[in-house]
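S.K.: Have a look; sequence and predicted model below, questions after that.
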Amino acid sequence: MPADALLHIEDLTKVFHIRQGFSSQEFHAVDNASIVIDSGKPEIFAVVGESGSGKTTLAKMVLGMEAPSQGNLRYKDRQVAALSKREMKNWFYHEVQPVFQDPFAAFSPLKQIDRYLYETVYNYKMVGDKKEAPRYINEVLSEVGLTLAEIAGRYPNELSGGQAQRVAIARALLTKPSLIVADEPVSMLDASLRMSVVNMFRKLKEDNAVSVIYITHDLATAFYAGDRIAVMLRGWIVEMGPTEQVLGNPLHPYTQNLKTSIPSIKSDEAWDEKIDLAVIETDEYTRTGCKFAGRCPAVMDICHDNIPPSVEHEGRSVKCFLYDEALPAARN
Ligand SMILES: Nc1ncnc2c1ncn2[C@@H]1O[C@H](COP(=O)(O)OP(=O)(O)OP(=O)(O)O)[C@@H](O)[C@H]1O
Ligand SMILES: [Mg+2]
């Protein structure tokens, strides 16, 4: 374990079962994922991948909402799975906060939205005296461009999607977290609001030293905001490294496939085309060998029956035989 890791994800795997008639087949929704987020070096870590690539499953494991089947998950050198309920509530969720796709799902329509903020402040004892709560809440809301006066007494349906998502982010910030796990936080917002939320994450990183795991299928915002990026395919991290390198000069044939859509991205359109392409290969989870072999333009014989290693190459890790030094012959 790296001595100064905030989050250490090591060979993390989640096995689910697909029912097929009377039998069921195992598949790995997340398969041996390894990511290290350093403490003292806040970053936006983007996770991209088409639908079903395992992004949410990875997020749920990091958030302690889904138990890993195998592997190691440590937050500040503590095994997350071994934390007691009390430690989860009083310590872990104090420091690690989620933001989800649908801000309205996080709030009951029958409850005034500021009540959630007060509850969080009281539950986590963020102020010494309850009288200080409004000032503290207002201060945190100002970080997301809102004021308490604007939202006080209002029900979720009286807010726009962008406002509700900003309240959800403010709620996550109230506990002064070190890590935010944001699963598709902008996908329900329109394009202009997307950028403002993404910019907010960047500002939080700069000003509050918060690291953000930013899960998205929106390559444009991942490219813009991500310091590093992991590209997922059917549970595998196929390429991971500094965003500029990975998306600027992708090495994995799958990432190269995605790159064509980056310069022209204005909306999700380009990405959605890729998703349609992906659906053709439904057996990718369970195939032996490389999961991309069925649609890889650079496929080699070895790829069909052997799992490619993750190798370090040009400043990133890439899970592909093309870059396996042990296989010089395969690269021609
Ligand atoms: N509880 C579950 N039981 C069985 N299979 C599951 C479960 N949760 C997720 N899966 C499957 O695991 C795979 C990965 O799902 P996941 O939700 O992690 O993907 P994702 O990358 O977040 O996709 P999306 O972009 O659509 O949100 C999918 O095939 C999904 O159907
Ligand atoms: Mg998801």
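M.R.: That came in fine, so what should we check first? Ligands and ions are numbered 1, 2, ... in the order given.

S.K.: Need the three-state assignment for residue 128.
M.R.: coil (DSSP: H, G, I helix; E, B strand; the rest coil).

S.K.: near ligand 2, which residues of this structure?
M.R.: Contact residues (C-beta under 5 Å from the ion) of the chain with ligand 2: 55-56. C-beta here means a position set from N, CA and C on the backbone, and glycine is covered the same way.

S.K.: one more time with 6 Å
M.R.: For the chain, the contact set with ligand 2 under C-beta under 6 Å from the ion comprises 55-56, 183.

S.K.: Whatever residue of the stretch 51-200 of the chain ends up closest to ligand 2 is in what secondary structure piece?
M.R.: Nearest residue of the stretch 51-200 of the chain to ligand 2: residue 56, at 3.1 Å (C-beta to the ion). Per DSSP states H and E, residue 56 falls inside helix 55-62.

S.K.: Kindly export that helix (C-alpha atoms) in CSV.
M.R.: Extracted in CSV, the C-alpha atoms of helix 55-62 (Å, rounded to 0.1, in the frame of the first residue of the first chain):
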residue,chain,number,x,y,z
LYS,A,55,-18.7,2.4,-13.3
THR,A,56,-21.5,2.5,-10.9
THR,A,57,-20.6,-0.9,-9.4
LEU,A,58,-17.1,0.5,-8.8
ALA,A,59,-18.6,3.6,-7.2
LYS,A,60,-20.8,1.6,-5.0
MET,A,61,-17.9,-0.5,-3.7
VAL,A,62,-15.9,2.6,-3.0
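
S.K.: does any bit of it sit next to ligand 1?
M.R.: Yes. Judged by C-beta under 6 Å from any ligand atom, helix 55-62 and ligand 1 are in contact via 55-57.

S.K.: Who are the packing partners of that helix?
M.R.: strand 5-20, strand 23-38, strand 44-49, strand 179-183, strand 211-216 (3 or more C-beta pairs under 8 Å, 6 or more residues apart in numbering; DSSP states H and E).

S.K.: ok, residues contacting that helix?
M.R.: By C-beta atoms under 8 Å, 6 or more residues apart in numbering, the residues outside helix 55-62 that reach it are 7, 9, 12, 14, 29-30, 33, 47-49, 66-68, 73, 80, 96, 98, 181, 183-184, 213, 215, 232, 235.

S.K.: on that earlier part again, what's the distance between the residue of the stretch 51-200 of the chain closest to ligand 2 and residue 85?
M.R.: Distance of residue 56 to residue 85, computed by C-beta to C-beta, to the nearest Å: 23 Å.

S.K.: can you check residue 201 too?
M.R.: Residue 201 sits 29 Å away from residue 85, going by C-beta to C-beta.

S.K.: So between those two, which is more surrounded?
M.R.: residue 201 (23 against 7; other C-beta atoms under 10 Å).

S.K.: Tell me the residue of the stretch 151-300 of the chain that sits nearest ligand 1?
M.R.: Closest contact between the stretch 151-300 of the chain and ligand 1, by C-beta to the nearest ligand atom, is at residue 217 (5.4 Å).

S.K.: neighbours around that residue, how many?
M.R.: For residue 217, using other C-beta under 10 Å, the count is 20.

S.K.: same thing with residue 308?
M.R.: Residue 308, neighbours per other C-beta under 10 Å, totals 24.

S.K.: buried set for stretch 291-310?
M.R.: Residues of stretch 291-310 classed as buried by neighbour count (16 or more other C-beta atoms under 10 Å): 291-293, 296, 299-300, 302-303, 306, 308, 310.

S.K.: Which of those residues fall in helices?
M.R.: 302-303 (DSSP state H).

S.K.: and of the buried residues of stretch 291-310, the nearest to residue 136?
M.R.: Checking the buried residues of stretch 291-310 against residue 136 by C-beta to C-beta gives residue 310 as the nearest, at 44.0 Å.

S.K.: Can you name the residues that contact that closest one?
M.R.: Residues near residue 310 by C-beta under 8 Å, 6+ apart: 34, 237, 317-319.

S.K.: ok, back up a step: what's the closest of the residues of helix 55-62 next to ligand 1 to residue 103?
M.R.: The nearest one, if we look at the residues of helix 55-62 next to ligand 1 relative to residue 103 and count by C-beta to C-beta, is residue 56, at 16.3 Å.

S.K.: where in the stretch 151-300 of the chain is pLDDT low?
M.R.: 261-285 (pLDDT under 70).

S.K.: If we use 80, what do you get?
M.R.: Within the stretch 151-300 of the chain, the stretches with pLDDT under 80 are 190-193, 259-287.

S.K.: Next, please give the residue ranges for the strands of it.
M.R.: With DSSP state E, counting those that start in this stretch, the ranges of strands along the stretch 151-300 of the chain come out as 179-183, 211-216, 228-233, 236-242.
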